[in-house]
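Chemist: let's see this in three dimensions:
(chains A and B)
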Amino acid sequence: MNIVVCVKQVPDTATERKLRSDDKTLDRDAADGVINELDEYAVEEALKLKEAHGGEAAVTVLTMGPAKATETIRKALAMGADKAVHLTDDALHGSDALSTSYAMAQALGRIGFDLVVLGSESTDARTGVLAAMLAERLGVAQLTQAKKVEVSGTSIAVERVTEYGYDKVEATLPAVVSVVEKINEPRYPSFKGIMAAKKKPVETLSVADAGIAADQVGLAGAWSEVAEFAAAPPRGAGTIVKGDGDGGTKTADFLVTKKFI
Amino acid sequence: MPVERVLPSSEGHDLIELTREIAAKEVAPRAAVEESAGRFPREVLRTLGASGLLGLPYPEEYGGAAQPQEVYLQVVEELAAAWLAMGLGVSVHTLSCFPVAFYGDAGQRERLLPGMLGGDLLGAYCLSEPQSGSDAAALTTRAVRDSGGFVVNGVKAWTTHGGVADFYTVMTRTSDDGARGISCLHVPAGTGGLSFGAPERKMGMRSSPTAQVRFDDVRVPADALVGAEGEGFKIAMAALDGGRLGIAACAVGVAQAAYDAALAYAKERRQFGSRIADFQGVGFMLADMATTIAAARALYLDAARLRDAGRPYGTRAAMAKLFATDACMRVTTDAVQIFGGYGYVEDFPVERYMREAKVLQIVEGTNQIQRLVISRALARD
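Modeler: Predicted coordinates:
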């Protein structure tokens, strides 16, 4: 089984994240780059599926991003993935979700796959649409928001998280699966894994290499545009509920206004 | 701010980075609650083992990572800063593997080391006895040859991981010839006749079980003997030289954690309209703490580099253990002082650091024994 895990380097959520004033894209120099948290779960799930299939499966990491995203590739390889493909080109800078899905689908077509696994959303853009877009572009089944994945032969079954519990969804491979954090507990790389990762093959693809039309990606090819942005307003003072025997009711009323209950 | 480290290789940096990630996510968040409850977190040591941190200084052919002491000890320091019981646990485990790794024959190394270094197993080191601490050569636990193997009887005391370890590296008496009558045995947990006392109720490091290990007609095969018969005391002293560096690294880690907490607090706490860090009385304390920690780190790394270079390092290791642990006691005491009343309560970690520091002045040779080791070497050379 040929499994491809899509990972994304995102700015560390623990640091202050900024957009650039010139082209309104993410300021990658302002924050440390880390692997998107949900993509770690995707890597873990891919490795578990590989382990369940013995030596019959291979896990390839695919990332799209600038040169710095190599760090994220190394992390996934250190966890145990076998090889990686780095789609990187200045022409990709500023791609939106739709053009990213186009570029990634082109790369996936070059790599070949039985199963594509990715996190259900990234902590930076948080659009959460890439898995569905990829499946549409690739013409394969989409199984999103999975909290459990089982592959048997060419069939795949997942438990898809919903507001009321979960749905059981089945499909035939090839397929695209996006995972949620309930699915597993990602492993730490081992020291030996980190050392081994340095020797694992990483193929670099440019836009031309992947057969991507340069005018369909990047800022120019984006279907959406950041019109303007502003810093998040500072947090206001909190509300103190004073109880004269009715504190519970007042608290509940407040939560209702915020739609928490 | 993470400690700025100079490491001899890029893989050393990768290793420290991995250690910091695990320390921050898996070790530090659990320290206060487990210490308070006195619970031994075996699963945390399994996580460390799975990441390869339980065999760092040993050869790769047996599952180790072939890391120099200079790097291994800084990993121990980072772990101890997050939670002493885990840093010291790694140090004790590493110590317990030393006799087989360096004195075992080829068969023993191949048979035992991959398991010992692989991360699943945890080791303990049995030297001290109720009546034999600093005077280690006075130990009385006895192994008698019997039908091709040994029968062991006696009691070991103060054994870290006693009752939870998977194997015990045990110094026993095989003849009455004083220090030359001691031999080293490898005893797996579960061997018949092996039992354990209740964990000691300690001042600190409560999550790490310390217990008596009792031997009642414990039978082990002949190939449990590590090194030559009668070579045990030499092995024990060589192991302790390395163990002392582990304790020094632990001491620097705990001191660093206490200092980091005190500095952050002193910058935040305001009295008389100023940050207390800006009062000279507090500022000078912080200056002394930072200086002492830097000196202690430099000294244990100096001893480690001597060892890595294959030179005699025992005296320097004794100096490092003595200096670093005394420094740790001073720094942690001052950290409590800077926190004032808040330093004396369990809501902040510094009282724990102060309790932890004390044990480091006692274990792996009391600091009085370290002075003895150093002064004898000076008089001899």
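Chemist: just the residues contacting stretch A:250-257, thanks.
Modeler: With CB atoms under 8 Å, 6 or more residues apart in numbering or on different chains as the test, stretch A:250-257 has contacts from A:Thr239, A:Val241, A:Gly243, A:Ile261. Any C-beta I mention is one placed from the backbone N, CA and C, and that applies to glycine too.
Chemist: how about the third one, what does it touch?
Modeler: Residues in contact with A:Gly243, defined by CB under 8 Å, 6+ apart, are A:Lys250.
Chemist: now swap in the first one and tell me
Modeler: Contact criterion CB under 8 Å, 6+ apart gives A:Phe254 as the residues in contact with A:Thr239.
Chemist: could you report the neighbour count for B:Ala377?
Modeler: The local packing of B:Ala377 (other CB atoms under 10 Å in any protein chain shown) involves 15 other residues.
Chemist: grab the nearest non-local neighbour of it.
Modeler: B:Thr315 (4.3 Å; CB to CB, 6 or more residues apart in numbering or on different chains).
Chemist: how about the helix or strand where that neighbour lies: buried residues?
Modeler: Element membership for B:Thr315 (DSSP states H and E) is helix B:314-339. Under the neighbour-count criterion of 16 or more other CB atoms under 10 Å in any protein chain shown, helix B:314-339 has B:314-336, B:338-339 buried.
Chemist: and if you look at stretch A:204-223?
Modeler: Buried residues in stretch A:204-223, counted by 16+ other CB under 10 Å: A:Leu205, A:Val207, A:Ala210, A:Ile212, A:Gln216, A:Val217, A:Gly218, A:Leu219, A:Gly221, A:Ala222.
Chemist: would you map the helices across chain A?
Modeler: A:37-52, A:70-79, A:97-111, A:130-138, A:191-197, A:218-221, A:247-257 (DSSP state H).
Chemist: helices or strands next to the longest one in the packing?
Modeler: Just to be clear, that refers to helix A:37-52. Using 3 or more CB pairs under 8 Å, 6 or more residues apart in numbering or on different chains; DSSP states H and E, the elements in contact with helix A:37-52 are strand A:2-7, strand A:58-64, helix A:70-79, strand A:115-119, strand A:141-152, strand A:175-179.
Chemist: for the stretch 51-200 of chain B, what are the low-confidence residue spans?
Modeler: Judged against pLDDT under 70, the stretch 51-200 of chain B has no low-scoring part.
Chemist: that one against chain A: which residues are in contact?
Modeler: For the stretch 51-200 of chain B, the residues in contact with chain A (CB under 8 Å from any CB of the partner chain) are B:Ser51, B:Gly52, B:Leu53, B:Leu56, B:Ala65.
Chemist: give the contact list for the closest residue to the last one other than its chain neighbours.
Modeler: It stands for B:Ala65. Leaving aside its chain neighbours, B:Ala65 sits nearest to B:Leu56 (4.9 Å; criterion: CB to CB, 6+ apart). Residues counted as contacts of B:Leu56 (CB under 8 Å, 6+ apart) are A:Phe191, B:Leu15, B:Gly64, B:Ala65, B:Gln67, B:Val71, B:Tyr72, B:Val75, B:Thr94.
Chemist: would a markdown table of the helices of chain A with distance to B:Glu4 and mean pLDDT be doable?
Modeler: Listed next are these as a markdown table, based on distance: least, CB to CB, whole Å; pLDDT from 0 to 100:
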| stretch | distance to B:Glu4 | mean pLDDT |
| --- | --- | --- |
| helix A:37-52 | 28 | 94 |
| helix A:70-79 | 20 | 94 |
| helix A:97-111 | 38 | 94 |
| helix A:130-138 | 39 | 94 |
| helix A:191-197 | 21 | 93 |
| helix A:218-221 | 39 | 88 |
| helix A:247-257 | 47 | 90 |
